[in-house]
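>>> sequence unknown, structure follows:
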């Protein structure tokens with residue numbers, strides 16, 4: 001292993017409570033354009049903890065909103081998912097994501113699971129602007145760093161449950177989607193899952209992100225009503 005990788009692992013061990021450092025370290029070791037660290041699924045919820053740039057955050061957001069992509073597959077399988085040319089390989093595997101990435105400056109995506117033992121709760125996403133293939137050594141290094149990050153993320157999550165941590169300071173927080181789901185639930189008298197589906201459907205039909213739609217709901221610019229069996233946007 002290279003000295004830069006050894007230094008990176010040391011840095012990760014010394015900075016367990018700084019998610020932004022996780023991304024910085026990944027960029028220092030690997031020839032990638034951007035990186036993000038996120039929790040996914042039911043264990044800790046779907047949330048971007050850190051992103052090296054807006055494009056990395058956008059990649060997370062698209063996968064969260066669409067419910068498909070390398071990060072989901074990595075989390076569910078607890079295995080690395082490598083897409084050196086996602087515009088080609090993604091068409092059959094992640095059709096909605098592949099179509100959404102047509103207008104994004106993203107060609108390669110590599111996802112590594114965040115897991116501790118049998119518990120799977122997130123992923124690291126790496127991307128490059130041009131098609132690129134990670135070497136075996138680079139894949140091994142990314143996996144090793146993801147293992148360390150996974151321990152840190154789970155420890156922080158468990159600590160936050162005990163001390164009432166509020167992630168309002170996280171620029172990528174999806175807490176407002178949860179809040180907006182509560183408002184839609186009240187407006188339509190539906191389940192929490194159905195309320196989220198309403199927001200997801202509105203975002204898809206309008207070509208917007210769920211975060212943007214949720215903000216409109218919370219600000220009162222968008223509300224929903226029932227018309228018989230149909231759900232409509234109130235004017």
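The structure has been received and is ready for your questions. Values in this document were obtained by computation on a predicted structure and should not be read as measured data.

>>> which residue is the nearest non-sequential neighbour of residue 215?
Once flanking residues are discounted, residue 215 sits nearest to residue 176: 6.1 Å by Cβ to Cβ, 6 or more residues apart in numbering. Where you see a C-beta, it was placed from the backbone N, CA and C, and this is true even at glycine.

>>> show me what whichever strand or helix holds that neighbour is packed up against.
In this structure, residue 176 sits in helix 175-188 according to DSSP states H and E. Here helix 175-188 touches helix 192-206, helix 210-218, strand 224-227, going by 3 or more Cβ pairs under 8 Å, 6 or more residues apart in numbering; DSSP states H and E.

>>> for the shortest one, which outside residues touch it?
Residues outside strand 224-227 that contact it (Cβ atoms under 8 Å, 6 or more residues apart in numbering) are 184, 187-188, 198, 231-234.

>>> drop anything exposed from those residues.
Neighbour counting by 16 or more other Cβ atoms under 10 Å classes 184, 187-188, 198, 231 among the contacts of strand 224-227 as buried.

>>> just send these back as JSON lines, with pLDDT and distance to residue 220 too.
Shown next, in JSON lines, are the buried ones among the contacts of strand 224-227 (pLDDT from 0 to 100; distance: Cβ to Cβ, whole Å):
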{"residue": "184", "pLDDT": "90", "distance to residue 220": "13"}
{"residue": "187", "pLDDT": "89", "distance to residue 220": "11"}
{"residue": "188", "pLDDT": "88", "distance to residue 220": "16"}
{"residue": "198", "pLDDT": "85", "distance to residue 220": "16"}
{"residue": "231", "pLDDT": "79", "distance to residue 220": "18"}
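
>>> look up the closest residue to the residue nearest the centre of the chain, ignoring the ones flanking it.
Residue closest to the mean C-alpha point of the chain, counted by Cα atoms, centre = their mean, is residue 60 at 3.6 Å. Among residues not flanking residue 60 along the chain, residue 48 sits closest, at 4.5 Å (Cβ to Cβ, 6+ apart).

>>> residue 50 now?
residue 19 (3.6 Å).

>>> how much space between that neighbour and residue 53?
According to Cβ to Cβ, to the nearest Å, residue 19 stands 14 Å off from residue 53.

>>> of those two, give the one with the bigger neighbour count.
Counted by other Cβ atoms under 10 Å, residue 19 and residue 53 do not tie: residue 19 has more neighbours, with 21 against 14.
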